[in-house]
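Visitor: Structure, please.
(chains A and B)
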Amino acid sequence: MTYPTIFPTGATIYDPARCWNGYTVFQAKEVGALLIDMNGGEVQLWKELHGMPNRILPGGHLMGSSGERSTAFGSQDGIDLIQVDWDGNIVWRFNRYEFIEDPGEEPQWMARQHHDYQREGSPVGYYAPGLEPLTDRGRTLVLSHKNVRNAAICDKPLLDDTLIEVNWEGEVVWEWVCSEHFEELGFREDARNLLFRNPNWLQSGGGAGDWMHINSMSLLGPNRWFDAGDRRFHPDNIIWCARESNITAVVDRQTGRIVWRLGPNYDETPELRRLGWIIGQHHAHMIPRGLPGQGNILVFDNGGWAGYGSPNPGAPTGFRNALRDYSRVLEIDPTTLGVVWQYTPVEAGLPFPVDANRFYSPFISSAQRLPNGNTLITEGSGGRIIEVTAGHEIVWEYISPYWGKMLRINMIYRAYRVPYEWVPQAEQPQERAIERIDVTRFRVPGASPGGARRVVAVAGVLPYRPDAALCVRTDAGGETAKEISG
Amino acid sequence: MSILLFTATGCARCAIAKKFMAEKGLACDEHDAIGAGKERFGQFYRAHRGAVFRGKEGIEFPVLAQGGEIRQGVAAVLAWLQCGSRLDGFICRSESSKGWVGGLHVSRGDPGEAERLAGVLGVLKRNGLKLQLDTDGRNPAVLERLLRQGIGDRVVMDLKGPQALYPALVGAPVDPQDVERSMVLAAGFPEFRYETTVAPVPAMEEGREGCRYLSPEEIAATARWLKEATGSYRQPYFLRIFDPRATADDRLGSVAALSPGELIRHRTAARNYQVLTEVQTIST
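Guide: Below you'll find the predicted structure:
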């Protein structure tokens, strides 16, 4: 990736007529939960309120966490999951999942929440007509951690992922433990062998293997597949995805069994080969009823490095053996695995593959379908949020101006757009179009304007060829592009 | 009455039994059940199939027969050789392996035989075996004696349920103070844990028949009792699933088994008083 040293932050593109206008909430790095308007105006900051992710609920409530466990003992363990009101008062808290006694720390209950949660009423935690999350009652699904041992996977301690359901009183009433379903995950022998030797070993807390790293979890919600009789897609079933294994799966809520799965292998059927290898993906969820594309799976396919398998030149031991240096947002029909819509470097207008890495976030990130058919994409590692139309045009762009002091990155884990009505306390902002800047003419103060002071002609030079060859093949219309276009 | 003893090649526990017999001057008719005496053992097994237990790892040796009595496992064999059937309540078959001897039930035997029990277990201990003692809280004096003598490497206390239901769950009168004393004593052993099987209990409400499982509230009361008796909210406390196939109580055999997921509410309730409570899905 080529990042300039100097570039604007905040809102950089805004076409009000083509956007689905509302507020956007995200965790500003080392600052807090930030609510912005379409012009990038900072409506409210819940200072130092953590969130993985932060979410706005109707009524101006916000969900997040009061803090994280020390990384000396855990990895991405949220101490709790809380709901605060517009004024920052805690109205709901969950932390009674595990009693933690870390050396030198005050013993305490912890939620060990990470990456996701869902409040009853909304299957995916973002706006869809008639599917609003409850704010004064209801259950909450929480993605949490648990340290386990499972000799079938590995002889080392494992940092496992669990899905738990918590009632309004903060009591755990249901639990699903990923490692207990190892045999349903479809790992081939080469992957099993590598997992046993290196289950993505983390040093924190005395060491544990973060073998799956589930990073999203949501309900399927009401959908056309179930209505047509496909029991795999029962509205109460849960879809999750795991970056280290490249697996996306649906868990039957009643039996706990995995009833639908994508990955870890993408070479076993023609449909999978057409889809291509999904790598390190985030935010796989079913588009909720009432939104364009309802019933399809929307996922940010990061690329980067992930998976377990046979060694190759990029992965000498087979650890993180799938590699790709660009990202894709895919909308997939879960019954055919056909790609219904996508946003990849090709749709972004980037010469492929030479400039493909300009749409690339190797970790975090997300995609939210909006009611007008647009898609809000968090290209997380670069702190960039874009709203793209179904025709792939960017109609809103925002670059986070918040770089961490401890970690020099302006990353955004996951942003959400909500309707203005969900925040009745704030006066609806004025929507002012941002004229598109012509970057070929844009100069910072002190820089010279463009254009050569003197131009000379050289006799005999030929015009530039439209089919000029580069050092590597540029085949935006060729085979590789066809592969990623599905 | 002659002693018929079946051993197995390389069996350390069999060697302990034979050494014990030699020290007592007891003769026996010994057969190596996996060597030259294989056929002889086969005949014996077919004739006494119901009395010889075959576990996941096969048949545990030694197996002793004398005068119509059959004893299996080194603890039961030594107990028989030492004092006949006096220790039968205390010592059952062992399903433990890898250096451990289990099936030692402190609560089930005659407390008047505590000295003999300590004697037999002491032999096993001196021969390098580790002893797991099981108790449901009864006979705390026996447990205390074994603790004092350094006999017992691990105690598993089967905490049947809340105080109010304890006699019904044990099927006999129980002094709650005995249970509380055992809870405290258990924590004095090198390894210990407390377990409660979420078991069916007879419906006690008037006009109701059948049985129901212990409720989350009753499990919470059990955990609270453990906390109050031991003064600790962080005891190693485990909830176990009731297995209808394994019960000896005919009334309970047809009860539908719970799934581990159905115990989550029980775990949540127990954690209000014992914060480390877990559902035990794999027996150790």
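Visitor: for chain B, what spans make up the helices?
Guide: Here chain B has its helices, by DSSP state H, at B:12-24, B:38-47, B:74-83, B:114-126, B:140-148, B:166-170, B:176-186, B:216-230, B:264-270.
Visitor: In a markdown table, list those helices along with mean pLDDT, mean neighbour count and distance to residue A:388.
Guide: Bear in mind the C-beta positions are built from the backbone N, C-alpha and C, glycine included. Below are the helices of chain B laid out as a markdown table (pLDDT from 0 to 100; neighbours: other C-beta atoms under 10 Å in any protein chain shown; distance: least, C-beta to C-beta, whole Å):
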| stretch | mean pLDDT | mean neighbour count | distance to residue A:388 |
| --- | --- | --- | --- |
| helix B:12-24 | 94 | 17 | 72 |
| helix B:38-47 | 94 | 14 | 75 |
| helix B:74-83 | 94 | 24 | 73 |
| helix B:114-126 | 95 | 19 | 73 |
| helix B:140-148 | 97 | 20 | 71 |
| helix B:166-170 | 92 | 18 | 64 |
| helix B:176-186 | 98 | 20 | 64 |
| helix B:216-230 | 98 | 21 | 49 |
| helix B:264-270 | 96 | 23 | 42 |
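Visitor: Tell me which of these lies nearest to residue A:47.
Guide: Among the helices of chain B, helix B:264-270 comes nearest to residue A:47, with 32.8 Å by C-beta to C-beta.
Visitor: Check the stretch 301-450 of chain A for the residue nearest chain B and tell me.
Guide: The nearest approach of the stretch 301-450 of chain A to chain B comes at residue A:308, 24.6 Å away (C-beta to the nearest C-beta).
Visitor: Next, find the distance separating that residue from residue A:155.
Guide: Look at residue A:308 and residue A:155: by C-beta to C-beta, to the nearest Å, they are 16 Å apart.
Visitor: Distance to chain A for the helices of chain B - can I get that in TSV?
Guide: Output for the helices of chain B, formatted as TSV (distance: least, C-beta to the nearest C-beta, whole Å):
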stretch	distance to chain A
helix B:12-24	25
helix B:38-47	32
helix B:74-83	28
helix B:114-126	29
helix B:140-148	27
helix B:166-170	25
helix B:176-186	20
helix B:216-230	9
helix B:264-270	5
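Visitor: Export those to a markdown table and append columns for distance to residue A:65.
Guide: A markdown table is the format used below for the helices of chain B (distance: least, C-beta to C-beta, whole Å):
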| stretch | distance to residue A:65 |
| --- | --- |
| helix B:12-24 | 54 |
| helix B:38-47 | 61 |
| helix B:74-83 | 53 |
| helix B:114-126 | 51 |
| helix B:140-148 | 45 |
| helix B:166-170 | 42 |
| helix B:176-186 | 37 |
| helix B:216-230 | 27 |
| helix B:264-270 | 20 |
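Visitor: Looking at the ones you listed, which is nearest to residue A:465?
Guide: Closest among the helices of chain B, once you apply C-beta to C-beta, is helix B:264-270, at 68.1 Å.
Visitor: so what secondary structure elements neighbour the closest one?
Guide: strand A:172-177, helix B:216-230, strand B:237-241, strand B:278-280 (3 or more C-beta pairs under 8 Å, 6 or more residues apart in numbering or on different chains; DSSP states H and E).
Visitor: Report the beta-bridge partner residues of the residue of the stretch 301-450 of chain A closest to chain B.
Guide: Beta-bridge partners for residue A:308, by DSSP bridges, are residue A:319.
Visitor: residues contacting it?
Guide: Applying C-beta atoms under 8 Å, 6 or more residues apart in numbering or on different chains, we find residue A:308 in contact with A:187, A:190-192, A:194-195, A:244-245, A:264, A:318-321.
Visitor: run the last query once more with 7 Å
Guide: Residue A:308 sits next to A:187, A:191, A:194-195, A:245, A:318-319, A:321 when contact means C-beta atoms under 7 Å, 6 or more residues apart in numbering or on different chains.
Visitor: From those residues, which land in strands?
Guide: A:319, A:321 (DSSP state E).
Visitor: Let me know how buried residue A:67 is, in neighbour terms.
Guide: Residue A:67 sits with 14 neighbouring residues when counted by other C-beta atoms under 10 Å in any protein chain shown.
Visitor: for residue A:77, same thing?
Guide: Residue A:77 has 26 nearby residues by other C-beta under 10 Å.
Visitor: Contacts only, for the nearest residue to residue B:265 once chain neighbours are set aside.
Guide: Beyond its immediate neighbours in the sequence, the residue positioned closest to residue B:265 (C-beta to C-beta, 6 or more residues apart in numbering or on different chains) is residue B:216, lying 4.6 Å away. By C-beta under 7 Å, 6+ apart, residue B:216 lies in contact with B:265-266, B:269.
Visitor: Using the three-state scheme, assign residue A:34.
Guide: Using DSSP: H, G, I helix; E, B strand; the rest coil, the secondary structure recorded for residue A:34 is strand.
Visitor: The residue in chain A that chain B sits nearest to: what secondary structure?
Guide: Going by C-beta to the nearest C-beta, chain B is nearest to residue A:99 of chain A, at 3.5 Å. Using three-state DSSP, the secondary structure recorded for residue A:99 is strand.
Visitor: okay, now the residue lying closest to it once chain neighbours are set aside: neighbour count?
Guide: With C-beta to C-beta, 6+ apart as the criterion, residue A:99 has its nearest non-adjacent residue at 3.5 Å, and that residue is residue B:275. When neighbours are defined as other C-beta under 10 Å, residue B:275 has 21 of them.
Visitor: still on that earlier bit, between the helices of chain B, which one is nearest to residue A:357?
Guide: Within these, the stretch nearest residue A:357 is helix B:264-270; the backing value is 45.0 Å (C-beta to C-beta).
Visitor: and the longest helix anywhere in chain A, which residues are buried?
Guide: For chain A, the longest helix by residue count, based on DSSP H, is helix A:189-197. Going by neighbour count (16 or more other C-beta atoms under 10 Å in any protein chain shown), the buried part of helix A:189-197 is A:191-192, A:194-196.
Visitor: And it, what does it pack against?
Guide: Counting contacts by 3 or more C-beta pairs under 7 Å, 6 or more residues apart in numbering or on different chains; DSSP states H and E, helix A:189-197 is packed against strand A:304-308.
Visitor: next one: the strand it packs on to chain centre, how far?
Guide: Distance of strand A:304-308 from the chain centroid (C-alpha atoms, centre = their mean, to the nearest Å) equals 16 Å.
Visitor: how far off helix A:189-197 does that strand point, in degrees?
Guide: Relative orientation of strand A:304-308 and helix A:189-197, computed by axes from the mean of the first three to the mean of the last three C-alpha atoms, to 10 degrees: 100 degrees.
Visitor: Fine, thanks again, bye for now.
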